[in-house]
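[1] got a predicted model here, sequence first, then my questions.
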Amino acid sequence: MGTADDARITEYINEVCQQIKFREMHQEVKLELNAHLHEVADEYTAGGFSEKEAVDRAIAQMGSSAIVGKQLNRVHKSKPEWSIVTLSLLFVGLGLLALYFIERQALSATPVHLFTRSVVFTIIGAAIAAGLYLCDYRKLMPYSRHIYTGTLLMLVAVIIFGQSVNGKNYLSIGPFSFDIVGISPLLLGMALAGILSGWDWNKPQKLLQGLLLCVVPLALMWASGPLSASAVYAAACTVIVIASGAGRRITLLLVGSLFSVLIMMTIAGIPYMFQRLTGFISPENDPLGSGWLSIQLGELIGGSGMFGQGLAQQPKLIPYLHTDFIFSYITFSFGWIAGGILAALAVMFIIRLAGVAKTVKNTYARLLISGFVAIFAVQFLWNILMNIGLAPIAGIGLPLISYGGSQLIFNAAALGLVFSIYRRRNISITLLTAK
Amino acid sequence: MKVNKELLKGSTVILVLSMLDREPMYGYQMIKEIEKESSGVFMFKEGTLYPILHSLEAGGMIESYWWGNEGSRQRKYYKITEKGNSCLKEKRQEWETFSSAVDKVLNKEAFVWGQLMTQE
């Protein structure tokens, strides 16, 4: 086909794309319409038409470029996943409300400005989430290995330089302290999603490599933080491996190796964990020691009543009320019904997230969201269950609600990625061919 | 004979879905098939098919993938999803109810007129 005729096809397509405000869709529309127009024109030239005439007819058959463009623009307008956006905002808002009253009633053992700080964290988190939403998440994928190595190095740094505050190890850099262990499941989940998408589990060498990639961070996390963070990571890792196409046999192998690492590390020491566990099973045996927290929580929740004690009523002072036990505080203040609604909303949040994972076809995107779903699910469920006395007490917060800057900001970042994925779920060409 | 645009508009979704129910197709292939099978009654501006396809995909009714031999033309194929399948079933039923009702009314009218004519 002559260049002039080619140019007219390009011109038509550009006119269509001019109407489509979502620029990332242009490449895909261009390729699709280009294939269409060339095919029609080729048929006409085969039928004896001149090339110019063939292109004329092909373009005429398409109809007005403005109309096609406008209709496509309407389809590709931004339609956020409102249920997830609303639920996240609700959780953050509820967290801020609770923290405001915890600070005002001076219920927290740590004398920091919980509320003011949390507002700052929320603003930073929202800005990061919005930024990630606007960017193409696929640009993150090439950095997966860097994120992986970086997280491992940070975990090692925590083991060496970490400072223990309230039973958690923080890494301090200047005036800031980071809850590296708390955010490492999210970081490692992001990294593994990129590394393991398209992983060939059937090759023995790859299988071994994959298992090592999964197990090494677990050992480091276990050495540097609470069991709960390791459990969250293990769940995310397992889900990502399953989603990456590993069969049942390989998944079992992975779960087996994750468990054996956990068991070996537990045997290797840390009787503290064991104490927590016995405190959960029979708190009465040691009411002043390991069972103390369980009993206090039971009293707090038990005394909340159907509609709560209101915010004027001060609950008993127990540690971590602003972090791990914020659910108990909310239930105490607003009652059983409110606690139940919060738990139901958490379940809804997880289901909606999983729903997004189901609708995306890009493997990397699916692995990313699967990992996030696992992390949020374990955190929400364990936290709520431990607050009502059905799970062992561990250092695990309520995502988006509990106080904690590092976690809030990284949870917001994860949600930003989810929104970015949802926005781009209908782009099927890969970034490489597009550029 | 040409069909009223509005009439066509309401039926494109069911036409597209029933095409894709048979096999995955790309846009132009669908247009050719629909035109052929309707003996040229269903002819529309080809460009307007793509907004329909894209919105069906956004709604999870169909899925797309790029496919083509190396060196040859790459085409964007669409295939129906489970959700699209159940939507098609619904639309089919709706269409059958609708068209048989229209049929009944139209035929009744002809019948009545026929009677009047013979009476005169």
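    Received the coordinates, thanks.
[2] just the strands in the chain please.
    Went with chain A since none was named. Along chain A, the segments classed as strands by DSSP state E run A:163-165, A:168-173, A:176-178.
[3] could you do chain B instead?
    According to DSSP E, the strands that chain B contains are B:25-26, B:62-67, B:75-80.
[4] in CSV, list those strands along with mean pLDDT.
    Shown next, in CSV, are the strands of chain B (pLDDT from 0 to 100):
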stretch, mean pLDDT
strand B:25-26, 96
strand B:62-67, 90
strand B:75-80, 94
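[5] if I look at the spatially most central residue of chain B, how far off is residue B:89?
    Nearest to the geometric centre of chain B sits residue B:15, at 1.6 Å (C-alpha atoms, centre = their mean). The gap separating residue B:15 from residue B:89 is 15 Å, by C-beta to C-beta, to the nearest Å. C-beta: built from backbone N, CA, C; applies to glycine.
[6] list the contacts of the closest residue to residue A:190 other than its chain neighbours.
    With C-beta to C-beta, 6 or more residues apart in numbering or on different chains as the criterion, residue A:190 has its nearest non-adjacent residue at 5.7 Å, and that residue is residue A:147. Applying C-beta atoms under 8 Å, 6 or more residues apart in numbering or on different chains to residue A:147 gives the contacts A:187-188, A:190-191, A:194.
[7] can you check residue A:148 too?
    A:188, A:191-192, A:195, A:213, A:217.
[8] I'd assumed residue A:181 was in contact with residue A:158.
    Yes - with contact defined as C-beta atoms under 8 Å, residue A:158 reaches residue A:181; the gap is 6.2 Å.
[9] more neighbours: those two, which one.
    Legend: neighbour count by other C-beta atoms under 10 Å in any protein chain shown for residue A:158 and residue A:181, higher for residue A:181 (30 against 23).
[10] surely that one meets residue A:229?
    Yes - between residue A:181 and residue A:229 there is a contact under C-beta under 8 Å: 4.8 Å.
[11] picking up where we left off before, out of the strands of chain A, nearest to chain B?
    strand A:176-178 (39.3 Å; C-beta to the nearest C-beta).
[12] buried ones in the closest one, by neighbour count?
    The neighbour-count check on strand A:176-178 (16 or more other C-beta atoms under 10 Å in any protein chain shown) flags A:177-178 as buried.
[13] partner strands of that strand and their direction?
    Strand pairing for strand A:176-178, determined by DSSP bridges: strand A:168-173 (antiparallel).
[14] average pLDDT across the partner strand?
    Averaged over strand A:168-173, pLDDT sits at 79.
[15] how far out from the middle of the chain is it?
    Relative to its parent chain, strand A:168-173 has a centroid offset of 22 Å by C-alpha atoms, centre = their mean, to the nearest Å.
[16] need the contact partners of it.
    A:154, A:157-159, A:161-164, A:177-182, A:224-226, A:395.
[17] try it again with 7 Å
    Contacts of strand A:168-173 with the rest of the structure, by C-beta atoms under 7 Å, 6 or more residues apart in numbering or on different chains, involve A:154, A:157-158, A:161-163, A:177-181, A:224-225, A:395.
[18] check stretch B:65-74 too.
    By C-beta under 7 Å, 6+ apart, stretch B:65-74 touches A:31, A:35, A:38-39, A:428-429, B:75-77.
[19] ok, stretch A:55-66 near chain B or not?
    Yes - interface with chain B: stretch A:55-66 contributes A:61-63 (C-beta under 7 Å from any C-beta of the partner chain).
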